[in-house]
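> Coordinates for the following, if possible.
(one chain, ligands or ions: 1)
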Amino acid sequence: MRTQARLDTATVESLLAAAVAAPSIHNTQPWRFRLDPGSQALEVHSAPERTLPRTDPTHRAQYLSVGAAVFNLRLAAFHQGWRPEVRLLPDPHQPGLLATVRLTDPLGADDQLADSGLYEAIARRRTCRMPFTGRPVPEPIVAQMASAAHAAGARLHVPDIAGTRRLLRLTARAEARNHAHPDRTAETRAWLTAPGAETPYGIPVTALGPPDAGRRMPMRDFTGALPALRLPALWFERHVQVALLWTPHDRRDDWLRAGQALQYVLLTATAHGLRTSLLHQPMEWPDLRAATTLPRHKRCHPHMLIRFGYGPDGAHTPRAPGHCTAQPPAPSATGSGTS
Ligand SMILES: Cc1cc2nc3c(=O)[nH]c(=O)nc-3n(C[C@H](O)[C@H](O)[C@H](O)COP(=O)(O)O)c2cc1C
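Coordinates of the predicted model:
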């Protein structure tokens with residue numbers, strides 16, 4: 001017979017603290033939480049007021065972000081000694097309800113994630129936009145990152161030198177297009193926060209990195225029309241290590257799986273002492289996203305370019321505390337997708 005946890009305040013707080021530590025596009029933190037008092041399910045909803053209409057009109061990046069938070073919730077449930085039961089998009093009448101998590105049975109010995117050490121990595125993981133050392137990452141670690149993506153229902157492709165150059169070229173092209181579009185630049189700029197800003201959302205200028213003096217690494221320039229905020233250029237690693245995260249389908253539930261896979265990969269890397277940063281720019285232009293697909297795979301829907309390696313710790317980026325309401329959420333229009 002199944003035992004079901006009654007979620008007391010301390011458990012909910014610890015679950016939500018883990019969830020909100022997830023990475024999200026432009027640190028929009030596009031999630032909301034509700035505890036269903038009847039079923040004791042923790043509901044994860046999209047936050048329609050924190051979307052990016054220009055950069056992310058289909059909400060795919062928002063779903064990736066929420067998927068990453070769901071993965072953290074799963075790890076936090078294991079940490080509390082419970083097995084999480086996750087349902088993605090459980091109610092077709094509530095498109096904004098992206099997932100539910102219930103703590104069902106006490107943990108068994110067979111749970112792969114339970115003592116993986118990844119829970120501890122949640123607090124240590126940060127995006128690092130600084131140059132890495134270029135020291136090659138040992139193959140067994142890369143293989144573990146690929147297995148993590150696979151276990152979460154996605155795939156991780158680690159390209160050779162020519163493939164890496166091709167992906168970086170496409171990213172540079174996307175970055176140039178973003179610059180040429182004032183509406184995109186303005187949207188990105190709006191999520192940049194000045195030192196001392198009160199808001200827990202957005203990216204503080206202290207978390208930005210420099211441009212690459214070698215012009216090989218197309219890091220996202222968040223400063224837009226404010227070159228005064230741009231740091232002096234530095235030389236980035238010559239031996240760039242990136243991986244392409246993709247799924248075999250491109251529906252809304254695949255996006256949520258891709259987000260979980262993203263976080264599984266990032267935490268696996270963090271647990272091994274690696275630093276990571278994300279290059280999402282080519283995924284924001286349909287033709288460039290299509291150009292990043294892997295020719296050998298008929299069904300390849302790319303989601304993210306993950307840069308990894310050894311380097312300095314990333315800067316701290318704030319979070320809004322995870323609140324949980326018992327109220328039914330207001331109707332949301334963010335359930336649109338390509339499914
Ligand atoms: C879907 C998605 C897209 C992102 N795209 C980029 C990007 O293109 N460039 C970048 O520097 N960071 C990118 N990030 C990282 C976020 O900016 C970062 O997670 C957020 O600011 C919170 O900071 P933290 O990761 O250090 O906790 C992305 C994150 C997600 C989830």
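
> Can you show me the strands along the stretch 151-300 of the chain?
With DSSP state E, counting those that start in this stretch as the criterion, the stretch 151-300 of the chain has strands at 155-157, 192-193, 203-204, 242-247, 275-279.

> Redo these as TSV? Include distance to the ligand and mean pLDDT.
All C-beta atoms are positioned from the backbone trio N, CA, C, and that covers glycine. Shown next, in TSV, are those (distance: least, Cβ to the nearest ligand atom, whole Å; pLDDT from 0 to 100):
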stretch	distance to the ligand	mean pLDDT
strand 155-157	15	98
strand 192-193	10	94
strand 203-204	5	95
strand 242-247	10	98
strand 275-279	4	98
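
> Tabulate those (TSV), appending distance to residue 313 and mean neighbour count.
Output for the strands of the stretch 151-300 of the chain, formatted as TSV (distance: least, Cβ to Cβ, whole Å; neighbours: other Cβ atoms under 10 Å):
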stretch	distance to residue 313	mean neighbour count
strand 155-157	23	21
strand 192-193	20	20
strand 203-204	15	20
strand 242-247	20	23
strand 275-279	7	23
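
> could you redo these as JSON lines and give each row distance to residue 148?
Below are the strands of the stretch 151-300 of the chain laid out as JSON lines (distance: least, Cβ to Cβ, whole Å):
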{"stretch": "strand 155-157", "distance to residue 148": "8"}
{"stretch": "strand 192-193", "distance to residue 148": "31"}
{"stretch": "strand 203-204", "distance to residue 148": "26"}
{"stretch": "strand 242-247", "distance to residue 148": "10"}
{"stretch": "strand 275-279", "distance to residue 148": "12"}
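
> So for stretch 13-28, what gets flagged as buried?
Across stretch 13-28, burial judged by 16 or more other Cβ atoms under 10 Å covers 15-28.

> Of those residues, which pair is most distant in space?
15 and 26 (24.1 Å; Cβ to Cβ).

> still on that earlier bit, contacts with the ligand among the buried residues of stretch 13-28, please.
Contacts with the ligand are made by 23, 24, 25, 26, 27 out of the buried residues of stretch 13-28, judged by Cβ under 6 Å from any ligand atom.

> now those in a markdown table, with secondary structure?
Putting those into a markdown table (DSSP: H, G, I helix; E, B strand; the rest coil) gives the following:
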| residue | secondary structure |
| --- | --- |
| 23 | coil |
| 24 | coil |
| 25 | helix |
| 26 | helix |
| 27 | helix |
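
> Please name the spatially closest residue to the closest residue to the ligand within the stretch 1-150 of the chain (chain neighbours excluded).
Nearest to the ligand, among the residues of the stretch 1-150 of the chain, is residue 23, at 2.9 Å (Cβ to the nearest ligand atom). Excluding the flanking residues, the one nearest residue 23 by Cβ to Cβ, 6 or more residues apart in numbering is residue 68, at 5.7 Å.

> what's the burial count for residue 201?
18 (other Cβ atoms under 10 Å).

> List the residues that contact it.
Shown in contact with residue 201 (Cβ atoms under 8 Å, 6 or more residues apart in numbering): 27, 28, 29, 50, 191, 193, 318, 320.

> quick one: it and residue 270, what's the gap?
According to Cβ to Cβ, to the nearest Å, residue 201 stands 23 Å off from residue 270.

> Same question for residue 280.
According to Cβ to Cβ, residue 280 and residue 270 sit 19 Å apart.

> just the residues of the stretch 201-339 of the chain that are near the ligand, which are they?
Residues of the stretch 201-339 of the chain lying close to the ligand (Cβ under 6 Å from any ligand atom) are 203, 220, 277, 278, 279, 280, 281, 314, 317.

> Which residue is the nearest non-sequential neighbour of the second one?
Same thing as residue 220. residue 281 is the one closest to residue 220 (Cβ to Cβ, 6+ apart), at 6.0 Å.

> and the gap between the closest residue to residue 205 other than its chain neighbours and residue 172?
Counting by Cβ to Cβ, 6+ apart, the nearest residue to residue 205 once its immediate chain neighbours are dropped is residue 229, at 5.8 Å. Using Cβ to Cβ, residue 229 is found at 21 Å from residue 172.

> and what of residue 246?
Residue 246 is 20 Å from residue 172, by Cβ to Cβ.

> For residue 177, the count of nearby residues, please.
Count around residue 177 with other Cβ under 10 Å applied: 16.

> In this structure it contacts residue 285, no?
Yes - applying Cβ atoms under 8 Å as the test, residue 177 and residue 285 come out as touching, 6.1 Å apart.

> Alright, that wraps it up for me.
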